[in-house]
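**Student:** sequence unknown, structure follows:
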């Protein structure tokens, strides 16, 4: 039996990554008493507004979604949306090294290196660097899938997302995930978009069917110290 998780850091580039990728699992772990912190690098939706007109600060939406999922701590940094490739990797590393040092998690969730979105790749790399053995208390690292990012990566020549860890979900935890997604407003698309509520539910059903359960979320288990 592996050591019980008590503190979880979720490292993402954008608000809604955490909900789309692991919202049901986060709600479940919060119910079990795990203390969860969400660290988000970007605070706006600037990539949708190339002229700079109509840019929206998403901090309030991030905080609302986090509350629904039972996340106790939230830090939103002020890097530009889809502009992390203009920031030295060392600077991004140091953000998460500080988060890990101060929060002292024993588990980290982050995005996958398979994601088409370059911000997701940079954050995934930084989270792993910050969580390296001997320099942190992290014993488990999982990467999750984000619809429209992870499912487009393979077609662009990136390695495919290869889950090796499934978390079964109760209906109430899937519903919490969908409610948190609604907190992001316009980020929720209409069916048949994969980022629609129906698309999110369909993925949970598909991942559940892979392990003979009704609903599940899938992860790439990067490291587990027993």
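**Tutor:** Right, received. Where do you want to start? Computed from a predicted model, the values in this text were never measured in an experiment. Residues are numbered from 1 along each chain as shown.

**Student:** report the helix or strand with the lowest average pLDDT across this protein.
**Tutor:** helix 150-153 (a mean of 78; mean pLDDT, DSSP states H and E).

**Student:** show me what the helix or strand just after that one is packed against.
**Tutor:** Per DSSP states H and E, the first helix or strand lying C-terminal to helix 150-153 is strand 165-169. Applying 3 or more CB pairs under 8 Å, 6 or more residues apart in numbering; DSSP states H and E, one finds that strand 165-169 contacts helix 17-31, helix 197-210, strand 215-224. For every residue, glycine as well, the C-beta is placed using N, CA and C.

**Student:** next, the angle helix 197-210 makes with strand 165-169.
**Tutor:** 120 degrees (axes from the mean of the first three to the mean of the last three CA atoms, to 10 degrees).

**Student:** other residues contacting strand 165-169?
**Tutor:** Outside strand 165-169, the residues that touch it by CB atoms under 8 Å, 6 or more residues apart in numbering are 24-25, 28, 142, 177, 204, 207-208, 210-211, 213-221.

**Student:** that strand versus strand 215-224: what angle between them?
**Tutor:** 140 degrees.

**Student:** neighbours of residue 210, just the number please.
**Tutor:** By the measure other CB atoms under 10 Å, the count of residues near residue 210 is 11.

**Student:** same check on the one 4 residues further on?
**Tutor:** Burial of residue 214 is recorded as 13 neighbouring residues (other CB under 10 Å).

**Student:** fine by me, thanks again.
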